[in-house]
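K.L.:
Any chance you can model this:
(one chain, ligands or ions: 1)
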Amino acid sequence: MLRPMQPPLDGTIVVTGASSGIGRALARELAKTARRIVLVARRKERLDALADELRGVRSELVVDVEAVDLADLEATDALATRLLDSGDIDVLINNAGLGDVALYDQSDWSRIARMNRVNVDALMLLTHRLLPPMVARDRGGLLNVSSGFGLSVMPVMAAYVGSKHYVTAFTESLRIELAKTNVVVSQVCPGPVATEFEEVAGNPFGMSVPAAVTITPEHCARSAIAGFRRGKAIIVPGALMAVVTAFGRMTPRWVFRAAYRPIGAFTRKRLAAGSGS
Ligand SMILES: NC(=O)c1ccc[n+]([C@@H]2O[C@H](COP(=O)([O-])OP(=O)(O)OC[C@H]3O[C@@H](n4cnc5c(N)ncnc54)[C@H](OP(=O)(O)O)[C@@H]3O)[C@@H](O)[C@H]2O)c1
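P.N.:
Down below sits the predicted model:
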């Protein structure tokens, strides 16, 4: 194995987007080994409830809650300052994110801008602030939650797909930069996971994802942590999705263009006909 070191999952771990879905499941999984967990998201009451639950699992575990809107970069920067002032941060898990299902030319710019601030800017900023002390101590871990869409393309989600390509390329490049350090950099690229993602992203065409490829957030979190522990570069949870992704990565881009073109044409026609619900 090229990277035998392990992320310090017994230290202080920051999990963004911990109020729901994959982030909440990651926090529950990490609570088994961490010394301290900091839960970040906007919905404070949910974070408080999770913090109480986690403290009940292991009395020695310290759990802190940070109710922050990561689309607000000043607030995100202030969060980073508070985190650094609170002691060593050993692991950062950039999980918070959202999608937007729409034809790009018909999308709402305020939604797109907000999505980019959370999916890309906040992830970059938190990493930029928390990484230097990890490198200085030569101990740390960074797990970014990208997506299967960080490795592929899809019409009607162009902005989201673009944001996840950014995360994937950034994380892979950073991993190479840090290859000679003891800071482990991994990313998880899940396929469909049953969370609140679709509720937030919207589903104007009522398309449903096949149940066979959909996994639970708990499954996703267990697989993500197991892969991170092994220092894997890209973790794809779920056996079926791992196979689909592996084939996808070997498939020439022209095949995707040909296969997905009808989806773009179909959705545009449906919207033009005024039946996009
Ligand atoms: N579900 C899937 O099929 C799937 C597949 C591949 C990748 N992913 C990725 O997995 C990650 C987690 O998504 P999920 O599926 O677990 O969706 P989810 O259930 O909707 O959870 C999203 C989390 O992000 C947080 N968040 C969103 N906007 C935020 C903001 N402005 N400030 C702070 N926190 C914010 C939410 O917390 P608050 O609303 O409380 O702020 C919530 O905790 C995302 O990066 C997503 O792109 C999901």
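
K.L.:
got any ranges where the protein has weak pLDDT?
P.N.:
Applying pLDDT under 70 to the chain flags residues 1-4, 274-277.

K.L.:
Can you list the residue ranges for helices in this structure?
P.N.:
Applying DSSP state H to the chain gives helices spanning 21-30, 44-57, 73-85, 109-116, 123-137, 158-177, 197-201, 217-229, 239-250, 253-272.

K.L.:
And those: which comes nearest residue 96?
P.N.:
Of all the helices of the chain, it is helix 21-30 that lies closest to residue 96, at 6.7 Å by Cβ to Cβ. The way it works is simple: take the backbone N, C-alpha and C, and place the C-beta from them, glycine included.

K.L.:
who touches stretch 242-259?
P.N.:
Applying Cβ atoms under 8 Å, 6 or more residues apart in numbering, the contact partners of stretch 242-259 are 148, 151, 152, 153, 189, 191, 213, 236.

K.L.:
And for the residue of the stretch 51-200 of the chain found nearest the ligand, the neighbour number?
P.N.:
Here the stretch 51-200 of the chain gets closest to the ligand at one residue, residue 97, 2.2 Å apart by Cβ to the nearest ligand atom. Neighbour count of residue 97, defined by other Cβ atoms under 10 Å: 28.

K.L.:
Leaving aside the residues adjacent along the chain, what's closest to it?
P.N.:
Using Cβ to Cβ, 6 or more residues apart in numbering and skipping the chain neighbours, the partner closest in space to residue 97 is residue 119 (4.7 Å).

K.L.:
surely the one you found meets residue 167?
P.N.:
Yes. Using Cβ atoms under 8 Å, residue 119 makes contact with residue 167 at a distance of 6.8 Å.

K.L.:
Please identify which of these two sits among more neighbours.
P.N.:
residue 119 (27 against 23).

K.L.:
measure residue 88 to residue 228 for me?
P.N.:
19 Å (Cβ to Cβ, to the nearest Å).

K.L.:
Name the residue in those two with the higher neighbour count.
P.N.:
Ranked by neighbour count (other Cβ under 10 Å), residue 88 and residue 228 place residue 228 first, with 25 against 16.

K.L.:
Surely the more buried one is in contact with residue 184?
P.N.:
Yes. Between residue 228 and residue 184 there is a contact under Cβ under 8 Å: 7.0 Å.

K.L.:
Which neighbours do the two have in common?
P.N.:
7, 141.

K.L.:
residue nearest the centroid of this structure?
P.N.:
residue 145 (2.4 Å; Cα atoms, centre = their mean).
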